[in-house]
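Chemist: any chance you can model this:
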Amino acid sequence: MFWQVLRDPTLGCSSYVLGDDLEGSAMVVDALGAVGAEAYVLAAQEAGLAIRWVVETHVHADHASAAHELAVAVNVPVTLSHRAVASFPTTPVRDGDVIRWGSVGVTVWETPGHTPDSISLVVRDTVRGDDPWVVLTGDSLFVGDVGRPDLGDAASAKIRAAALDQFHSVRRFLTLPDFTEVHPAHYGSSPCGGLFMSKKPSSTVGYERRFNRMLMLDEPEGFVDQQLALLKPPPADAERLRQVNLGAVVAPAVHEAAPALPLAPWLQQGGLIR
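Modeler: As a prediction, the model looks like this:
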């Protein structure tokens with residue numbers, strides 16, 4: 001299995017290229033504007049891979065995404081949650097959808113909380129085994145922390161509801177084996193987490209189970225209260241960046257979403273294509 005991480009250390013952002021060397025296809029997750037679409041194309045080409053999937057774990061509010069630009073360059077739609085309404089062509093995914101190519105299997109989990117459209121990706125490499133190897137957690141679970149719940153809606157009641165969603169989402173990661181690697185979309189200096197986010201960009205489920213302070217809170221109300229008490233100032237231009245990353249050129253109200261593309265033959269809702 002091919003695996004490469006491209007980062008923007010200025011904002012503490014991580015993006016991922018994963019693929020099957022023999023089958024010759026790759027997936028890019030959370031492409032970064034600061035890295036640029038060309039860098040992902042070159043990384044895949046150097047490995048002898050063609051990019052067939054460009055996936056966003058959520059609509060980012062702290063940085064410009066390169067997902068749309070990359071998708072246009074390689075002539076594929078952007079794959080993102082069915083809850084995200086974009087102005088460009090998309091392939092919407094739902095909980096339980098599986099993308100499978102060669103020895104690689106990627107299962108979609110809906111993990112709302114940080115934003116309503118947050119998803120996580122559970123990755124298996126069947127050459128090595130059938131158990132999950134990696135989970136790409138987006139902004140749901142960080143190393144040492146969890147994603148903030150206030151970037152999807154500024155209304156206080158909705159923030160509290162989002163924090164409750166986040167509680168249930170991050171508890172779901174604890175159902176994975178302890179050896180599963182945790183690779184989030186942010187680390188260190190990112191404004192998308194709380195006060196406990198580690199500068200280390202990856203971890204394991206077992207380590208987070210034992211040492212992540214937010215995962216130690218097993219009562220929903222205590223988790224929600226802690227999240228709201230520790231909120232930092234939101235990222236600058238958060239709403240504008242969300243609209244940019246959704247493809248809105250001016251005010252989002254004047255844009256209608258482009259029709260979602262039909263599911264490609266390699267993706268089946270709630271099932272597995274071999």
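
Chemist: mind listing what's buried along stretch 36-51?
Modeler: A37, A39, Y40, V41, A43, A44, L49, I51 (16 or more other CB atoms under 10 Å). Where you see a C-beta, it was placed from the backbone N, CA and C, and this is true even at glycine.

Chemist: okay, and which of the residues you listed map to helices?
Modeler: With DSSP state H as the criterion, helices contain A37, A39, Y40, V41, A43, A44 from among the buried residues of stretch 36-51.

Chemist: okay, the fifth one: pLDDT?
Modeler: Note on A43: pLDDT of 96.

Chemist: do the same with the third one
Modeler: Y40 is assigned 98 on the pLDDT scale.

Chemist: so T91 sits in a helix?
Modeler: No. Assessed with DSSP: H, G, I helix; E, B strand; the rest coil, T91 is strand; it does not lie in a helix.

Chemist: all strands of the stretch 51-200 of the chain, in order?
Modeler: Along the stretch 51-200 of the chain, counting by DSSP state E, counting those that start in this stretch, strands occupy 78-81, 90-93, 98-101, 104-110, 119-125, 134-138, 141-142, 145-146, 181-184.

Chemist: partners of the first one, with directions?
Modeler: In the sheet containing strand 78-81, its partner strands are strand 50-55 (parallel), strand 90-93 (parallel), by DSSP bridges.

Chemist: who's in contact with stretch 215-225?
Modeler: For stretch 215-225, the external contacting residues (CB atoms under 8 Å, 6 or more residues apart in numbering) are 146, 160, 163-164, 166-168, 170-171, 174, 208-209, 214, 226.

Chemist: as TSV, the residues you listed with neighbour count, distance to M197 and pLDDT would be great.
Modeler: Formatted as TSV, the contacts of stretch 215-225 follow (neighbours: other CB atoms under 10 Å; distance: CB to CB, whole Å; pLDDT from 0 to 100):
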residue	neighbour count	distance to M197	pLDDT
V146	32	9	96
R160	17	21	94
A163	25	16	96
L164	18	21	97
Q166	28	14	97
F167	24	17	98
H168	13	20	98
V170	26	13	97
R171	15	19	97
L174	15	19	98
E208	26	12	98
R209	14	17	97
M214	22	10	96
Q226	16	14	95
